[in-house]
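S.K.: with the sequence up front, the predicted model follows.
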Amino acid sequence: MFEAHSEGASRAGGPTLVALTDQAAAEAHVPAQTGRGPGAGPGAEPGAEGILRRQAQRESAARTYARSLPIVPVRARGLTIEGADGRRYLDCLSGAGTLALGHNHPVVLEAIRGVLDSGAPLHVLDLATPVKDAFTTELFANLPAELAADARIQFCGPAGTDAVEAALKLVRTATGRSGLLAFTGAYHGMTAGALDASGGAQDVRVTRLPYPQDYHCPFGVGGAEGARLAAHWTESLLDDPKGGVPTPAAMIVEPVQGEGGVNPAPDAWLRRMREITAARGIPLIADEVQTGVGRTGAFWGVDHAGVVPDVMVLSKAIGGSLPLAVIVYRSGLDLWAPGAHAGTFRGNQLAMAAGAATLAYVRENRLAQRAAELGARMLTSLRGLAAAHPCVGDVRGRGLMLGVELIDPDTGAAAPALAVAVRQACLDRGLIVELGGRHSSVVRLLPPLTLTDEQAAAVLDRLADAIPAATTTGRQAATSPAVTRR
């Protein structure tokens, strides 16, 4: 419905609106704010500013995206969000990767309406329903074939972090062991067990292993040799009787670290992790919460390496924009008792319908392949930015999961203040991005898999404008001591 155009609109100095057809503009019309809209009581301050001010007054100090993206979305379609003030934005956050098909895709809306119009129950705990059966069938049809032939599924609470907790509980029950292997830079969620396995954890019983990277190689060499050394370190540590690491319950890994800075796992290294764990009877958990459903240019991130894990953690895009989380795992691990992992909202019928429709649409329209092709072209264009702007230290990614790392060109240090300035400059130009990585210095792009060539050009054009516009602002804001790049 909304179509983004790239005819140099973002070259203008002020905020940019996405060009719309007359019909789309009419359909996207937002009535003037009167203060009597949803959430506005008698005498409430009208308009977007009032809504934002009330949010700041009433919501938790833990709120996140609302701080860096002070907009009030009221309409959305595809790549585009329209705010209450009438401004329109290209959304390259996509619900932190949740919106594989973008906002309000017709197949998702049709699936949701189908359930609503059928009179089916919306809340069923973990009872069997035709909607759940259809979702599970479609999901299994898209799993790695070896896993699908011997898989079990556990529906979890409707967030990826609960699925991580379920996966950890599952492998600990099945193996009788408690230790865990995780990686530097990891992010697995915000609940206790998931945080323990994430890169910022402290005082936990998790063995931290090196995750291979070119730009921040822990061994200072990068490339294939850095990945080989990381694998050798892992194997040596596990086999060292004095290494202090008893055989763990599992290894958990992201095929591409998202929050960790958009770091793709080298295929050969990931295959070696599968060999190392299989040889030692250690279950391998693949956290595909953000990488799944075509995001990286394959249906699952592990598909690039041809790796079949013992457990896959799935959420975000599998719910078709609605809350849903599951784990799928080899049947031999299915040793826990009834009720060992439960949750009141694990029977989300609307999400299952939307998820089944999304999975089918991605499969039928070869959107994973499309993400691979378009993502490769965008990566090439972004590397052109690195050549033109010394503050761009690295560009990396896989499929439509892309990252631009910003540095101080004089010192090579991470430049978090510059990253904040670039994010704001993007927003000023009608582009929504977020930050991640070490010191939050990586600008991340997670556009929907339905991104058109024209929309991709508009995204790149606006980011290309934002970086030089923000450079001076970012440097002036960098008042804290520099963080030396490894």
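M.R.: The structure has been received and is ready for your questions.
S.K.: what's the burial count for I276?
M.R.: A count of nearby residues for I276, using other C-beta atoms under 10 Å, gives 18. All C-beta atoms are positioned from the backbone trio N, CA, C, and that covers glycine.
S.K.: ok, it to L122 distance?
M.R.: Separation of I276 from L122 (C-beta to C-beta, to the nearest Å) stands at 45 Å.
S.K.: over to L116?
M.R.: 8 Å.
S.K.: try L427
M.R.: Applying C-beta to C-beta to L427 and L122 gives a distance of 36 Å.
S.K.: same question for T450.
M.R.: 27 Å.
S.K.: those two: who's more crowded?
M.R.: Set T450 next to L122 and count neighbours by other C-beta under 10 Å: T450 wins out with 20 against 11.
S.K.: hang on, that one packs against G102?
M.R.: Yes - in this structure, T450 is within contact of G102 by C-beta atoms under 8 Å, at 5.2 Å.
S.K.: next, show the common contact partners of those two.
M.R.: Both T450 and G102 are contacted by 78-79, under the criterion C-beta atoms under 8 Å, 6 or more residues apart in numbering.
S.K.: how far out from the middle of the chain is the longest helix seen in the chain?
M.R.: In the chain, taking DSSP state H as the definition, the longest helix is helix 453-477. Here the centre of helix 453-477 is set off from its chain's centre by 21 Å, with C-alpha atoms, centre = their mean, to the nearest Å.
S.K.: stretch 310-330 now?
M.R.: Using C-alpha atoms, centre = their mean, the mean C-alpha position of stretch 310-330 is found 13 Å from that of the whole chain.
S.K.: and stretch 67-86, by the same measure?
M.R.: That offset, for stretch 67-86, works out to 19 Å (C-alpha atoms, centre = their mean).
S.K.: quick one: end-to-end length of it, please.
M.R.: 20 Å (C-alpha to C-alpha, to the nearest Å).
S.K.: for it, buried residues please.
M.R.: 69, 71-72, 74-84 (16 or more other C-beta atoms under 10 Å).
S.K.: between those residues, which sits nearest Q55?
M.R.: Checking these against Q55 with C-beta to C-beta, the nearest one is V72 at 8.7 Å.
S.K.: assess the claim that the closest one and R54 are in contact.
M.R.: No - V72 lies out of contact with R54 (C-beta under 8 Å); the separation is 10.6 Å.
S.K.: returning to what we had before: for the buried residues of stretch 67-86, which one is nearest N365?
M.R.: G78 (14.2 Å).
S.K.: show me where the stretch 201-350 of the chain has strands.
M.R.: 207-209, 250-253, 256-257, 263-264, 284-287, 311-314, 326-330 (DSSP state E, counting those that start in this stretch).
S.K.: oops, could you answer that again for the stretch 51-200 of the chain instead?
M.R.: 73-77, 80-83, 88-91, 151-155, 180-183.
S.K.: now A265: phi and psi?
M.R.: The phi/psi pair for A265 (degrees, to the nearest 10) reads phi -70, psi 130.
S.K.: flag the shaky bits of the chain, pLDDT-wise.
M.R.: 1-46, 201-204, 472-486 (pLDDT under 70).
S.K.: again, only this time at 50
M.R.: In the predicted model, the chain carries pLDDT under 50 at residues 1-39, 474-475, 478-486.
S.K.: would you mind measuring the gap between the ends of stretch 389-407?
M.R.: 10 Å.
S.K.: one step back: which among the strands of the stretch 201-350 of the chain is found nearest to A141?
M.R.: Nearest to A141 among the strands of the stretch 201-350 of the chain is strand 326-330 (12.2 Å), distances taken as C-beta to C-beta.
S.K.: list the helices and strands that closest one packs on?
M.R.: The contact analysis (3 or more C-beta pairs under 8 Å, 6 or more residues apart in numbering; DSSP states H and E) places strand 326-330 against helix 130-142, strand 151-155, helix 160-175, strand 311-314.
S.K.: mind checking how far P248 is from C391?
M.R.: 41 Å.
S.K.: again, but for G189
M.R.: 32 Å.
S.K.: just T161 next, same as before
M.R.: 34 Å.
S.K.: surely L435 is in a helix?
M.R.: No - with DSSP: H, G, I helix; E, B strand; the rest coil as the criterion, L435 is assigned strand and is not in a helix.
S.K.: buried residues, stretch 91-106. List them.
M.R.: Buried positions in stretch 91-106, judged by neighbour count with 16+ other C-beta under 10 Å: 91-105.
S.K.: which of those sits closest to R271?
M.R.: For these, the nearest to R271 is G97 (24.6 Å; C-beta to C-beta).
S.K.: so what's that closest one up against?
M.R.: 258, 290, 295, 316-317, 401, 446.
S.K.: tabulate those in a markdown table, adding columns for neighbour count and distance to G332.
M.R.: As requested, these are exported to a markdown table (neighbours: other C-beta atoms under 10 Å; distance: C-beta to C-beta, whole Å):
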| residue | neighbour count | distance to G332 |
| --- | --- | --- |
| G258 | 27 | 30 |
| Q290 | 25 | 27 |
| R295 | 32 | 29 |
| K316 | 26 | 27 |
| A317 | 29 | 28 |
| M401 | 26 | 32 |
| L446 | 27 | 35 |
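S.K.: pretty sure L445 sits against V459.
M.R.: Yes - using C-beta under 8 Å, L445 makes contact with V459 at a distance of 6.9 Å.
S.K.: mind listing the shared neighbours of those two?
M.R.: 92, 378.
S.K.: what about T450, helix or strand, and which?
M.R.: Applying DSSP states H and E as the criterion places T450 outside every helix and strand.
S.K.: ignore what I typed, I meant V395.
M.R.: Using DSSP H and E, V395 falls in strand 392-398.
S.K.: can you tell me how far the closest residue to V443 other than its chain neighbours is from C426?
M.R.: Nearest non-adjacent residue to V443, counting by C-beta to C-beta, 6 or more residues apart in numbering: V404, 4.5 Å away. Note on V404: its distance to C426, by C-beta to C-beta, is 11 Å.
S.K.: cool, G332 as well?
M.R.: From G332 to C426 the distance is 47 Å (C-beta to C-beta).
S.K.: neighbour count: those two, which is higher?
M.R.: C426 (27 against 11).
S.K.: helix/strand/coil for that one?
M.R.: helix.
S.K.: list the contacts for it?
M.R.: 432-433, 443, 462-463, 466.
S.K.: rerun at 6 Å
M.R.: 433, 466 (C-beta atoms under 6 Å, 6 or more residues apart in numbering).
S.K.: same deal with F299?
M.R.: Contacts of F299 by C-beta under 6 Å, 6+ apart are 142, 368.
S.K.: G223: neighbouring residues, count only.
M.R.: There are 11 residues near G223, going by other C-beta under 10 Å.
S.K.: which one is it nearest to, not counting chain neighbours?
M.R.: D214 (6.1 Å).
S.K.: also M190?
M.R.: T161 (5.4 Å).
S.K.: from D117, how far off is the closest residue to I318 other than its chain neighbours?
M.R.: Computed as C-beta to C-beta, 6+ apart, the closest residue to I318 that is not its neighbour in sequence is G355, at 4.9 Å. Applying C-beta to C-beta, the value for G355 to D117 is 18 Å.
S.K.: higher neighbour count, these two?
M.R.: G355 (29 against 8).
S.K.: pairing partners for the nearest residue to S441 once chain neighbours are set aside in the sheet, please.
M.R.: Excluding the flanking residues, the one nearest S441 by C-beta to C-beta, 6+ apart is A414, at 4.2 Å. Here A414 sits in beta bridges with I407, V483, going by DSSP bridges.
S.K.: what about A414, distance to G436?
M.R.: Counting by C-beta to C-beta, the gap from A414 to G436 is 12 Å.
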